[in-house]
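Peer 1: Sequence below, structure please.
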Amino acid sequence: MRTIEWLYLIFNLLIFVGGIGIGRQNHKFRIMAWGGFAISGVLLIIHSVVEGLRWPMIPAYLLTLVPLAVLFTKARRQQQSGATFLDSKRSEVSTTPSTVAGKFGRVRIITTSLLVLVYAVVSIGLPLLFPVFSFAKPAGPYGIGTVSYDWTDSSREELMTSTREKRELMVQIWYPTNPDAEGQAAPYVNKPEIYGTAFNEVLKLPKLLFSSLSQVRTHAIQEAQLSDAEAEYPVVLFSHGLHGYENQNTFQVEQLVSQGYIVVGINHTYSSLVSVFPDGRVAQFESEGKKGFEQLQFSYMDKLNETWVKDAQFVLDEVEKLAEGDPSGRFTGHMDLDNIGMFGHSFGGATTVQMLMDDPRVKAGMNMDGVLFGEKRIPAEGVGKPFLMMSADSTVAGTSVMSDEEIVAMGTTRPEAEKYYEEVYCRYEPVTAGGNYWMELNNTKHLSFSDLYLISPLLEWMQGVDARGTQQLINDTTIDFFNHYLKGQPLHMDKEVGEHESYSLKKG
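Peer 2: So this is what the prediction gives:
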């Protein structure tokens, strides 16, 4: 919850409890009420201007606005009748406290106590359950800047449409800045209302969960100046999962950038949750008519992955152009193209593995919970480059943690699902070959490797996960891995091979 929201809610709760505790029979009540609700109104104005209004705060807004409206209305009536507001209130309350207590007794105490409890639960619970979520403060010495690009690959036709247009991608780049860089903080997503609808339509999540997306801010400053603390910065590509989007791992990207990396996030058009272009065009997710288990078939996914690999290669080509001659001057000569890494979630993780085997420019890569879809299989001797596989324990468990109902909902049978996972495990076998790593995270789900569980504690509780704890482990491991293989720093992961409370780590 945001700072002013907390102050506003706590103050409202105090005046609510105080008002009931003092009671209308106290002639000072109205004076105190005027002052309390006036301060509450000021806090409401500050909150609306600085942080913005949002629906989970409606119970708190009502406690400010309704009593103020009542007080103003009664004051106006008293003025019109020729009596002062306070005198009329004193004359109204002629019953002594003892008489009131005798009349209402314990019923009044119980009723008012329940009223306070219900208000406290509702007014504080709603903003907590539907927060404007935030990201952990970047731990590195650098600030963060960001800029977006709309790039078109003139050599490829768009296969997902019938108009024969060229393949067009939205790309967001995050880069190190001076820690005191000033400017406008970048929003989490552009056109949040479009993203909210896409979450609902594609992922079938309640749209209400995403009503505060427009108020989420990142630590990145839009179009800030690149830090000159280092001559060049290693470049790391990021590829999201199927139904994902280029900044779905902001929790991870910001920490990497703060440690001195340039991160390039790719939005794989028509395979992403949604793509929003600068001119207002929107490209929705395209399933090509496939659903459930049918969409997961290796024949389909291996073929689709070829498009993603070409996307990544094209984006690297454009990055090289920026490094050679950025029209804005920002990146010219400041990208370390001898040290390029890549990481991805789910289908983007599979794309990372293919890039490691297919593109010599990528020196090291991480696959976060991605089945190894793609044209090429990992050879028995391994990828041949530094590689880290990260998996959720629930993903690796396969059908053993799936109920019959879940399997039926996928559109398949248990024997078919088990046969499918036989191929999954077969493709996993050479992951650690050649001295590479495989980390399995305990008590995690597939989407633990993204920002999604930050949206609401409800998602965390339903899935039984610790979103921020898992993200901290992922960030520590990511930075350790790339610091070693792209910056030549000591590798701490070697000392952690084995079983731990929150994870296990294997090395080939």
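
Peer 1: And Val189, how far from Gly196?
Peer 2: 9 Å (Cβ to Cβ, to the nearest Å). No exception for glycine: its C-beta is placed from N, CA and C like everyone else's.

Peer 1: and these two? which has more neighbours close in?
Peer 2: For Val189 versus Gly196, the count of surrounding residues by other Cβ atoms under 10 Å is larger for Val189: 24 against 21.

Peer 1: what residues are shared contacts of Val189 and Gly196?
Peer 2: Leu213 (Cβ atoms under 8 Å, 6 or more residues apart in numbering).

Peer 1: The closest residue to Gly52 other than its chain neighbours: what's it in contact with?
Peer 2: Counting by Cβ to Cβ, 6 or more residues apart in numbering, Gly52 lies nearest to Gln215, which is 5.1 Å off, once chain neighbours are set aside. By Cβ under 8 Å, 6+ apart, the contact list for Gln215 reads Glu51, Gly52, Arg54, Val132.

Peer 1: and the gap between Gln215 and Leu454?
Peer 2: On the measure of Cβ to Cβ, Gln215 and Leu454 end up 14 Å apart.

Peer 1: ok, now Ser212?
Peer 2: Counting by Cβ to Cβ, the gap from Ser212 to Leu454 is 12 Å.

Peer 1: Identify the contacts common to these two.
Peer 2: The contact lists of Ser212 and Leu454 share Phe133, where a contact means Cβ under 8 Å, 6+ apart.

Peer 1: can you count the residues close to Val282?
Peer 2: 12.

Peer 1: Mind listing the residues bridging to it?
Peer 2: Val276 (DSSP bridges).

Peer 1: Return the per-residue confidence for it.
Peer 2: Residue-level confidence at Val282 comes out at 96, pLDDT.

Peer 1: any idea how far Leu441 is from it?
Peer 2: The gap separating Val282 from Leu441 is 34 Å, by Cβ to Cβ.

Peer 1: go on, Val66?
Peer 2: Taken as Cβ to Cβ, the span from Val66 to Leu441 is 48 Å.

Peer 1: Please apply the same query to Gly196.
Peer 2: For Gly196, the distance to Leu441 - Cβ to Cβ - is 29 Å.

Peer 1: circling back: mind putting the contacts of Gln215 in TSV, secondary structure included?
Peer 2: Listed next are the contacts of Gln215 as TSV, based on DSSP: H, G, I helix; E, B strand; the rest coil:
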residue	secondary structure
Glu51	coil
Gly52	coil
Arg54	coil
Val132	coil
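
Peer 1: Next, format those as TSV and append distance to Glu294 and pLDDT.
Peer 2: Output for the contacts of Gln215, formatted as TSV (distance: Cβ to Cβ, whole Å; pLDDT from 0 to 100):
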residue	distance to Glu294	pLDDT
Glu51	45	88
Gly52	42	89
Arg54	39	92
Val132	38	94
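
Peer 1: Buried only: go through these for me.
Peer 2: Glu51, Arg54, Val132 (16 or more other Cβ atoms under 10 Å).

Peer 1: Any chance of TSV for these, columns distance to Val202?
Peer 2: What follows is these, written out as TSV (distance: Cβ to Cβ, whole Å):
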residue	distance to Val202
Glu51	29
Arg54	24
Val132	23
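
Peer 1: out of those residues, who's nearest Gly125?
Peer 2: When the buried ones among the contacts of Gln215 are ranked by distance to Gly125 (Cβ to Cβ), Arg54 comes first, at 14.5 Å.

Peer 1: which residue sits closest to the closest one in space, ignoring its chain neighbours?
Peer 2: Nearest to Arg54 is Ser212, by Cβ to Cβ, 6+ apart, at 5.3 Å.

Peer 1: Burial check on that neighbour, number of neighbours?
Peer 2: If we define neighbours as other Cβ under 10 Å, then Ser212 has 21 of them.

Peer 1: After the helix or strand harbouring Asp338, heading C-terminal, what element do we hit next?
Peer 2: Assessed by DSSP states H and E, Asp338 sits inside strand 335-345. As assigned by DSSP H and E, the chain's next helix or strand after strand 335-345 is helix 347-358.

Peer 1: which residues are contacting that following helix?
Peer 2: Residues contacting helix 347-358 (Cβ under 8 Å, 6+ apart): 237-242, 244, 268, 271, 301, 304-305, 308-309, 312-313, 342-344, 362, 364-376, 378, 383-385, 387.

Peer 1: Could you tell me the model confidence score at the residue nearest in space to the middle of the chain?
Peer 2: Centroid check for the chain by Cα atoms, centre = their mean gives Asp451 as the closest residue, at 3.0 Å. Asp451 carries a pLDDT value of 98.

Peer 1: Local confidence estimate at the residue nearest to Thr64 when sequence neighbours are not counted?
Peer 2: Among residues not flanking Thr64 along the chain, Ser40 sits closest, at 4.4 Å (Cβ to Cβ, 6+ apart). With respect to pLDDT, Ser40 scores 88.
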